[in-house]
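K.L.:
just need the structure, nothing else, for what follows:
(one chain, ligands or ions: 1)
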Amino acid sequence: MDKYLVQRKIDELGRIVLPIDVRKALDLHAGDSVDIGWEEPSKILSLQKSNPICLNCHSQEDLKALPGGKYICRRCLSQVK
Ligand SMILES: [Zn+2]
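P.N.:
Below is the predicted model:
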């Protein structure tokens with residue numbers, strides 16, 4: 001397992017900029033969602049690209065892409081037709 005470390009300062013609004021090398025390595029693009037988590041008591045922070053979820057039921061299965069980067073599962077879609 002390879003491990004990488006990059007230091008960045010957090011600005012006054014709580015933002016950080018992910019270096020381009022990190023974005024390329026993790027296939028992150030503007031508009032993508034990320035999951036941010038941490039472990040207690042170590043305070044180790046993790047960040048990973050979010051898997052798409054249904055905007056209605058949060059399922060990750062049988063999704064259909066909608067405009068604007070949102071997704072809906074076919075079961076929920078069948079209920080709105
Ligand atoms: Zn759904």
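K.L.:
show me which residues of this protein are close to the ion?
P.N.:
54, 56-57, 59, 73, 76 (C-beta under 5 Å from the ion). All C-beta spots, glycine's among them, are computed from the backbone N, C-alpha and C.
K.L.:
among those, which are in helices?
P.N.:
C76 (DSSP state H).
K.L.:
so can I have TSV of the residues of the chain next to the ion showing distance to A25 and neighbour count?
P.N.:
Formatted as TSV, these follow (distance: C-beta to C-beta, whole Å; neighbours: other C-beta atoms under 10 Å):
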residue	distance to A25	neighbour count
C54	28	20
N56	32	15
C57	32	11
S59	29	15
C73	30	21
C76	34	17
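K.L.:
who does the residue nearest the centre of the chain bridge with?
P.N.:
Nearest to the mean C-alpha position of the chain, counting by C-alpha atoms, centre = their mean, stands V34 at 2.0 Å. Beta-bridge pairing for V34 (DSSP bridges): K49.
K.L.:
assess the claim that it and L28 are in contact.
P.N.:
Yes: between V34 and L28 there is a contact at 7.0 Å, judged by C-beta atoms under 8 Å.
K.L.:
re the thing from before, which ones are touching the residue nearest to the centre of the chain?
P.N.:
28, 47-50 (C-beta atoms under 8 Å, 6 or more residues apart in numbering).
K.L.:
ok, these vs L13, which is closest?
P.N.:
Nearest to L13 among these is L47, at 17.4 Å by C-beta to C-beta.
K.L.:
check which helix or strand covers the closest one.
P.N.:
strand 45-49 (DSSP states H and E).
K.L.:
swap in K64?
P.N.:
Using DSSP H and E, K64 maps to strand 63-65.
K.L.:
ok, and what's touching that strand?
P.N.:
Outside strand 63-65, the residues touching it (C-beta under 8 Å, 6+ apart) are 52-54, 71-74, 77.
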